[in-house]
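[1] Got a predicted model here, sequence first, then my questions.
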Amino acid sequence: MERSKGKGQIPEILQIEVLFMEFPIRCFTCGGVVGHAYDEYKELIKEKSPQEALDILGFDRFCCRRMFLSHVELIESVMKYPRA
Ligand SMILES: [Zn+2]
């Protein structure tokens, strides 16, 4: 990956933050695939508790469960601001 220093590019430190704005595909700790279940999780928590939703989806490791519980959707807020 090429380092971005030029005008009009997102600085490297912010690019890392952009990566974490969307739900991760894999669990940071065990590497288990979690990204495919996020939409279903969002649907389930409309009616059930997050605990029940994660049990239904079959995520039993606490490292994978925290990926869902700790995720904050920031992409909508950030999209308001154009790239510099
Ligand atoms: Zn995990």
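    Yep, it's here.
[2] Spatially central residue (nearest the centroid) of the chain, please.
    Within the chain, one residue has its C-alpha closest to the average C-alpha position: by C-alpha atoms, centre = their mean, that is residue 23, at 1.9 Å.
[3] how near is it to residue 82?
    23 Å (C-beta to C-beta, to the nearest Å). Glycine gets a C-beta too; all of them are placed from N, C-alpha and C.
[4] Other residues contacting stretch 52-62?
    Residues outside stretch 52-62 that contact it (C-beta atoms under 8 Å, 6 or more residues apart in numbering): 27, 30, 32, 34, 37, 40-41, 44-45, 48, 65, 68-69.
[5] What residues does the protein have near the ion?
    Counting by C-beta under 5 Å from the ion, the positions of the chain adjacent to the ion are 27, 29-30, 32, 61, 63-64.
[6] After the helix or strand of the chain with the lowest mean pLDDT, which helix or strand is next?
    Within the chain, no helix or strand scores below helix 12-19, which has a mean of 58 by mean pLDDT, DSSP states H and E. Where DSSP states H and E defines the elements, the next helix or strand beyond helix 12-19 is helix 38-44.
[7] how about the helix or strand that that following helix is followed by: buried residues?
    Scanning forward in sequence from helix 38-44 by DSSP H and E, the next helix or strand is helix 50-57. Buried residues in helix 50-57, counted by 16 or more other C-beta atoms under 10 Å: 53-54, 57.
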